[in-house]
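[1] take a look and give me a structure for this.
(one chain, ligands or ions: 1)
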Amino acid sequence: MNQNHPDTNSSAAPCVMTIFGATGDLTKRKLIPALCNLAQENLLSTQFAIVGFAANDFDTESFRKSLAENIPKFAALPIDPKLLDWMIQRTYYVKGDFLDSEAYKRLEQQIAEADKKHNTLGNRLFYLAVAPRFFSSIVKMLGQCCLSKEEENRWSRVIVEKPFGHDLASAKQLNQELKQVLTEKQIYRIDHYLGKETVQNVMVFRFSNNIIEPLWNRNYVDHVQITAAETVGVEHRGGFYETAGALRDMVPNHLFQLFTMTAMEPPISFDADEVRNKQAEVLHAIQPLDPEDVLTNTVRGQYGSGTIDGQRVIGYRGEPDVAPDSNTETFVALKLLIDNWRWAGVPFYLRTGKRLARRVTEIVIQFRRTPFVLFRNTTVRNLETNRLVIHIQPEEGISLSFGAKVPGSVMKLGLVNMDFDYCTYFGTEHSTGYERLLRDCMAGDATLFQRADMVEAGWSVIQPILDLWHALPPRGFPNYAAGSWGPVEAEELLEKDGRSWHRYGEDELDKRAHIASPEKTRMAG
Ligand code: BG6
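    Numbers count the residues shown, from 1 in each chain. From the prediction side, this is the model:
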C-alpha cells in the first residue's frame, strides 16, 4: 500500500498497539470501544494485539477481566460476545512506571511475544494517553530501548494526545524533544475534532461541489462565525483547567481545525502534506495581533452561578479544585483577520465557552447583501442575507437560508431554510470519533493529524493574547451567568462591526414556526 495514499476502504495494517495510560478514562471510554467498532466492521487487521501499560496494579488476567466488564458499558451498541472475546484474547498488560527503564524491558518483551503470537509483522503503534508531562520522557525511553526504531517494512508510530504544549515555547520544545527520537512521519498529533464526520465533511463539502467554491471568498462572504459552546462546566477537571483555561484548551486545537478547514485554499490532492500545507498557510496568514488588537478583538469571561436546563448550577470559582479567586477564563471570543487574497477584510469571529446556554458547535458563513433592493415599490426595505450553517454537533448537517416570497397578495419576503441532516440521510453513526483516526494512523495516513509546523503556527497566533492577558489580569470575573451566551463584551465585539452572533435556538424556532405556518417566517419588509 502506498503510504501517502492509503486505501481508505481497506483494513488497517497489522500491528501491536501499546496504550500508555491503559487504565485511564480515555482508554476505556474511547480507545477500546473504537477498536471494537473497527473490528466489528472488519476494518481492523486480524493480525493485531493490544498491550496496556500503566502503573496500576493489574496483570494481563485482571486487565482482561476489567475490559470484559467495561467494554459493554462504554460501547454504543451491544457487542457481539465473540468479538469481545476476540479482542480480550489479544490484550496484554505490563505494569510499570513511565520513567523506569526496567519496565520498558518488560514492555519490549511483551510486545515481541504479542508480535510473534498475532503475526503483527513487527509494526508498533504507541498511544500516549497520559498527562502531557510524560510525553517527552516516554518517547525518550522508547528511543533508548529501540522500540521507536523503524526498519525496512516495519513501522513504529506514536500518537500524542492534546494538549500539545502550553504556549509557543513549550510546544516548540516538545516538538524538538520528540524529534530527537522520532521523525516527523512517525509522530501523529491527534485532535479528536478531526475524527468527527461533520468536520471531515467541511472539506468534502467545499471541494466536491462546484456551486460552493466560487462563492467562498471576500466577494460573497461578509464574515464567518465559528462557535463551540458547551453547557457542561469543568466537571472533575478543575485542577487541569486552572492551568489551561478556555483559550489554550479549545482555540489552538479544535477551533483552529474548524477555522483552517473553512479558510484553507484547495489542496491539489488529499495527500497528507498537500492538505496540511494549505492549513498551515492559513494559520500563517492570520493578521498578527498587537497588544492593542488583543484589547479590542478578544474577550474573556468566566461563568458565575446560573441556571442551565432549569437546574441551578454553581459558578466556576466554586467548582472542585478551583481557587476561590481564580482568574482562569472559561469563555473566549476572538476576531481574526486573514491577510490573503481570498479573505482580506472578511472577519472570522470565534467563540467557545463552558456553561453556555446550549451545546452547539457550528460554522456560520454569512453572505453579503444583494447589491441593491429590487423590490422598490413594495414594502420590502431590507433583505435578509443568505447564511450557510455547517452544524458540527449535536445536530449534524448543513442548512442554507435564503429569501423566499411569503404566499399572499402583498409582496413579503421571508428567510427560509434548506436543510441537510446527516442522521436523516445516512442514519445514526455509533462511533466514538476515534475509529477513523486510529485506522488512519495504522494505515500511515497523517492527513487528519497535526504537523509540527501547524501546531507551532497555531500557538504563534494566540501567544500575544496569552501574553497580554497574563500582563493584565481580568477585572470583574465572574462576568457571565451560567446558562447565558457569555459576557456582554462578546456581543459588543460583533455589534461594533454592525453584526451579531447567530442565535441557533431562535432560528430553529423560526424554522419550525414556518413549517407550521408560513405567516411566521421571519419577515423582511
Ligand atoms: C476537550 C477539552 O479537548 O474537548 C474539553 O479539553 C472539551 O474541555 C472537549 O469539553 C470538547 O469536545 P467535544 O467533542 O465534546 O466538543
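[2] most proximal residue of the stretch 201-350 of the chain with respect to the ligand?
    In the stretch 201-350 of the chain, no residue comes nearer to the ligand than Asp249, which is 4.7 Å away by Cβ to the nearest ligand atom. For every residue, glycine as well, the C-beta is placed using N, CA and C.
[3] and the helix or strand hosting that residue, how far from the chain's centre?
    Assigned by DSSP states H and E, Asp249 falls within helix 238-250. Relative to the centre of its chain, helix 238-250 is centred 15 Å away, using Cα atoms, centre = their mean, to the nearest Å.
[4] ok, now which ones touch Ala228?
    For Ala228, the residues meeting the contact criterion (Cβ atoms under 8 Å, 6 or more residues apart in numbering) are 250, 254-255, 258, 351-352, 361, 392.
[5] one more time with 6 Å
    With contact taken as Cβ atoms under 6 Å, 6 or more residues apart in numbering, Ala228 is in contact with 352, 361.
[6] give me the pLDDT for it.
    pLDDT for Ala228: 98.
[7] who does the helix or strand containing it pair up with?
    Assigned by DSSP H and E, Ala228 belongs to strand 221-229. Sheet pairing of strand 221-229 (DSSP bridges) gives strand 348-353 (parallel), strand 360-367 (antiparallel).
[8] give me whichever of those is most buried.
    Each of these was scored by mean neighbour count; the highest is strand 348-353, a mean of 24, by mean count of other Cβ atoms under 10 Å.
[9] how about the contacts made by the residue nearest to the spatial centre of the chain?
    Taking Cα atoms, centre = their mean, the centroid of the chain lies closest to Tyr193, which sits 2.3 Å from it. With contacts defined as Cβ under 6 Å, 6+ apart, the neighbours of Tyr193 are 199, 254, 257.
[10] and the first one, that's in a helix?
    Yes. Secondary structure of Val199 (DSSP: H, G, I helix; E, B strand; the rest coil): part of a helix.
[11] quick one: the residue nearest to it when sequence neighbours are not counted and Phe205, what's the gap?
    The shortest distance from Val199 to any residue other than its chain neighbours is 5.4 Å, reached at Tyr193 (Cβ to Cβ, 6 or more residues apart in numbering). Tyr193 sits at a distance of 16 Å from Phe205 (criterion: Cβ to Cβ, to the nearest Å).
[12] mind listing the helices for the stretch 51-200 of the chain?
    Counting by DSSP state H, counting those that start in this stretch, the segments of the stretch 51-200 of the chain that form helices are 60-74, 81-88, 101-118, 135-144, 168-179, 197-207.
[13] in the third one, which residues are buried?
    Right, the one you point to is helix 101-118. For helix 101-118, a neighbour-count test (16 or more other Cβ atoms under 10 Å) marks 103-104, 107, 110-111, 114-115, 118 as buried.
[14] can you give me the helices in the stretch 251-400 of the chain?
    All helices of the stretch 251-400 of the chain, identified by DSSP H, counting those that start in this stretch, fall at 256-263, 272-285, 291-297.
[15] looking at the ones you listed, which is buried most?
    With neighbours defined by mean count of other Cβ under 10 Å, none of the helices of the stretch 251-400 of the chain is more surrounded on average than helix 256-263, at a mean of 24.
[16] name the element the residue of the stretch 401-525 of the chain found nearest the ligand belongs to?
    The nearest approach of the stretch 401-525 of the chain to the ligand comes at Gly433, 6.9 Å away (Cβ to the nearest ligand atom). Gly433 belongs to no helix or strand when elements are defined using DSSP H and E.
[17] can you tell me which residues contact the spatially closest residue to Ala49 that is not a sequence neighbour?
    Leaving aside its chain neighbours, Ala49 sits nearest to Ala114 (3.9 Å; criterion: Cβ to Cβ, 6+ apart). Contacts for Ala114 (Cβ under 6 Å, 6+ apart) come out as 16, 49, 92.
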